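Engineer: Provide a 3D model corresponding to the input given below.
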Amino acid sequence: MQTVKMVVTGPFNSGKTAFIQSVSEIDVVSTERKISTEAERIKETTTVAMDFGRITVDDDLVLYLFGTPGQKRFDFMWEILSEGMLGFVVMVDSARPETFREARGILQTFRAYAPTPYVVAANKQDLDDAWEVEDLRIALGLDSKVKMLPCVANNREQVKSVLLELLYSILEEMKA
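Structural biologist: Model prediction:
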């Protein structure tokens, strides 16, 4: 049995927990805590350490998904969670341009931790004010070679598509 560790990262409220919950075949191990700051107007809880989920691709392959905290005050967990990862997903909230710079910084941080394959998931594409994927690419300053995928984090099929794209990139790199 081959296991692949993938990290799901991104800014606060970008959809990391929902992404993992929508595909995990086990109850997600979550470290959600009540928020006691101005951020609670956006949502009531936040991940403080990690989320953990698992999905079996086939008889020989299991993906372990580790979600990072999005708030800067918990970023000490990022390096810990990145250890041993074979790839990562950066979640971007397509409807909140004020978070794009932070998403870009998180992407650069994780690339510095390990030169592994990654994809960018343009989440919340179902919202009226969501940016188009190609406009997001420009805003994030991403090269055309970077896989940037439209996504709705609570749509199981779309999440599976994002994970498969990352898995293909990981397998391609392993062959090289």
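
Engineer: How about the contacts made by residue 16?
Structural biologist: Going by Cβ atoms under 8 Å, 6 or more residues apart in numbering, residue 16 touches 8, 9, 10, 47, 51, 67, 68, 70, 91, 153. Using the backbone N, CA and C atoms, a C-beta is placed for each residue, glycine as well.

Engineer: Out of those residues, list just those in strands.
Structural biologist: Counting by DSSP state E, the contacts of residue 16 place 8, 9, 47, 51, 67, 91 in strands.

Engineer: What does the pLDDT read for the first one?
Structural biologist: Yep, that's residue 8 we're talking about. On pLDDT, residue 8 comes in at 97.

Engineer: can I get the ones in strands among the contacts of residue 16 in a markdown table with distance to residue 120?
Structural biologist: Shown next, in a markdown table, are these (distance: Cβ to Cβ, whole Å):
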| residue | distance to residue 120 |
| --- | --- |
| 8 | 12 |
| 9 | 11 |
| 47 | 19 |
| 51 | 19 |
| 67 | 16 |
| 91 | 8 |
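
Engineer: Longest helix of this structure, counting residues only.
Structural biologist: Taking DSSP state H as the criterion, the chain has its longest helix at helix 156-175.

Engineer: Quick one: mean pLDDT for it?
Structural biologist: Averaging pLDDT along helix 156-175 yields 94.

Engineer: quick one on the thing from earlier: now for the contacts of residue 16: which two are most distant?
Structural biologist: 68 and 153 (14.4 Å; Cβ to Cβ).

Engineer: so who does the residue nearest in space to the middle of the chain touch?
Structural biologist: Nearest to the mean C-alpha position of the chain, counting by Cα atoms, centre = their mean, stands residue 8 at 3.0 Å. Residue 8 makes contact with 16, 19, 20, 51, 65, 66, 67, 68, 88, 89, 91, according to Cβ under 8 Å, 6+ apart.

Engineer: Just the buried subset of these, please.
Structural biologist: Buried members of the contacts of residue 8, counted by 16 or more other Cβ atoms under 10 Å: 16, 19, 20, 51, 65, 66, 67, 68, 88, 89, 91.

Engineer: excluding its backbone neighbours, what's nearest the first one?
Structural biologist: Put plainly, it is residue 16. Nearest residue to residue 16, sequence neighbours excluded (Cβ to Cβ, 6 or more residues apart in numbering): residue 67, at 4.3 Å.
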